[in-house]
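Chemist: Show me the folded form of this:
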Amino acid sequence: MHIKKTDLMNLDEFNTYCIQSRIPSINADQWAALLSTTQGKVIEHQKDDQFTPTLELIVRSLSMTAKQSLEDMGLQYDVQRLIDTAEIEQKRLFAALHKSSSDSSAKEYILQLGFKKAPKAITPAPYYSFSVYGTKGALCISEAQTRSKQIHTINVEGALALGNRNEFDWRNKLILQLSPEEMFLVLAVLNGKIPNVVFTGHGESHDKMFEMMLQTGSYFIRLVQKGRSPVSVPMDVRQTLNFTSLIYKQIKKNHPHLGMDELRSMEDQLVRMHATQHI
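Modeler: Numbering: from 1, shown residues only. Okay, the predicted model is just below:
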């Protein structure tokens, strides 16, 4: 192939090479990311008929599929690191990324390649939170975001009471994050559509549990982690207004295009699934 080009390759020229090589073209953002890498600087100065043989690996490293697969595993998407790794692992790397969500061996292979963990998402202050106090424990319920996909959700923190001093052991608090789907089911309990929910398998060791149930005149929330004393706190009807409001706020952030009727329809659908499939 022979392409008349300027001293420095531009995006259009690069995409012409891609098309002629039957490789997907890239956009301006991906081109800018490529030029930040060692390989990109070489490509920018590439001469005619001397194009890199690793073109396909480079383009696949720039793809949204590769980026999303890494982020879904809680790993940092670093273009330079991904291209360097691709040059060693070749196409096996991308085959594993493609299967990582459903194949544990593929995921384990990716995790062993040394990609850095993505930094924990921090909700900028000020953020909304409220506390609920009982005689044996206390809860702090606050807005949060998931680490990998930045989806809006809720953190529930629990602390045991310290003796009779009306103080709580927040230093050793138990922290649990509701999934976006679990928020709908908690909302269904608050709205009186189902009597209780139990969510298990939370935390890095999958040893945490969240339980919420409707009792006479109040609600009851319990946080459990293996090897620790559970945190159990009652929540009266007035306090549930804060919880209900916060859940709606986070759900609306995740689904800004939906109205309240559509959100309630989604809630009802999950309630039906919860009843038939024991989610």
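Chemist: ok, the closest residue to residue 87 other than its chain neighbours - contacts?
Modeler: Counting by C-beta to C-beta, 6 or more residues apart in numbering, residue 87 lies nearest to residue 54, which is 5.9 Å off, once chain neighbours are set aside. For every residue, glycine as well, the C-beta is placed using N, CA and C. Residues counted as contacts of residue 54 (C-beta atoms under 8 Å, 6 or more residues apart in numbering) are 39, 86-87.
Chemist: Let me see the contact set for the nearest residue to residue 15 once chain neighbours are set aside.
Modeler: In this structure, residue 15 finds its nearest non-sequential neighbour in residue 25, 3.9 Å apart by C-beta to C-beta, 6+ apart. The contact partners of residue 25, by C-beta under 8 Å, 6+ apart, come to 15, 18-19.
Chemist: Please, a ChimeraX command that selects the buried ones among these?
Modeler: Buried residues among these (16 or more other C-beta atoms under 10 Å), as a ChimeraX selection:
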select :15,18
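Chemist: got the contacts of residue 25 as a markdown table, with distance to residue 246, pLDDT and secondary structure columns?
Modeler: Formatted as a markdown table, the contacts of residue 25 follow (distance: C-beta to C-beta, whole Å; pLDDT from 0 to 100; DSSP: H, G, I helix; E, B strand; the rest coil):
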| residue | distance to residue 246 | pLDDT | secondary structure |
| --- | --- | --- | --- |
| 15 | 46 | 90 | helix |
| 18 | 47 | 89 | helix |
| 19 | 50 | 90 | helix |
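Chemist: now, among the contacts of residue 25, which is nearest to residue 94?
Modeler: residue 18 (16.1 Å; C-beta to C-beta).
Chemist: Would you map the helices across the protein?
Modeler: 11-20, 28-35, 38-44, 55-61, 64-72, 79-89, 91-99, 104-111, 180-190, 237-254, 260-277 (DSSP state H).
Chemist: Partner strands of the longest strand belonging to the chain, with direction?
Modeler: In the chain, taking DSSP state E as the definition, the longest strand is strand 152-162. Applying DSSP bridges, strand 152-162 is found paired with strand 137-145 (antiparallel), strand 167-168 (antiparallel), strand 174-178 (antiparallel).
Chemist: ok, residues contacting the shortest one?
Modeler: The reference is to strand 167-168. Strand 167-168 has contacts (C-beta under 8 Å, 6+ apart) with 133, 137-138, 159-162.
Chemist: what residue ranges in the stretch 151-279 of the chain score low on pLDDT?
Modeler: 164-165, 275-279 (pLDDT under 70).
Chemist: Please apply the same query to the stretch 1-150 of the chain.
Modeler: Ranges of the stretch 1-150 of the chain meeting pLDDT under 70: 1-6, 47-53, 121-126.
Chemist: picking that back up, out of the contacts of residue 54, the closest to residue 177 would be?
Modeler: Looking across the contacts of residue 54 and measuring by C-beta to C-beta, the closest to residue 177 is residue 86, at 32.8 Å.
Chemist: contacting residues for the nearest residue to that closest one once chain neighbours are set aside?
Modeler: Residue nearest to residue 86 in three dimensions, not counting chain neighbours: residue 57, with 4.3 Å by C-beta to C-beta, 6+ apart. With contact taken as C-beta under 8 Å, 6+ apart, residue 57 is in contact with 83, 86-87, 90-91, 94.
Chemist: So for stretch 160-169, what gets flagged as buried?
Modeler: Buried residues in stretch 160-169 (16+ other C-beta under 10 Å): 160-161, 168-169.
Chemist: Quick check: the two most widely separated of the residues you listed?
Modeler: Taking C-beta to C-beta, no two of the buried residues of stretch 160-169 sit farther apart than 161 and 169, at 7.7 Å.
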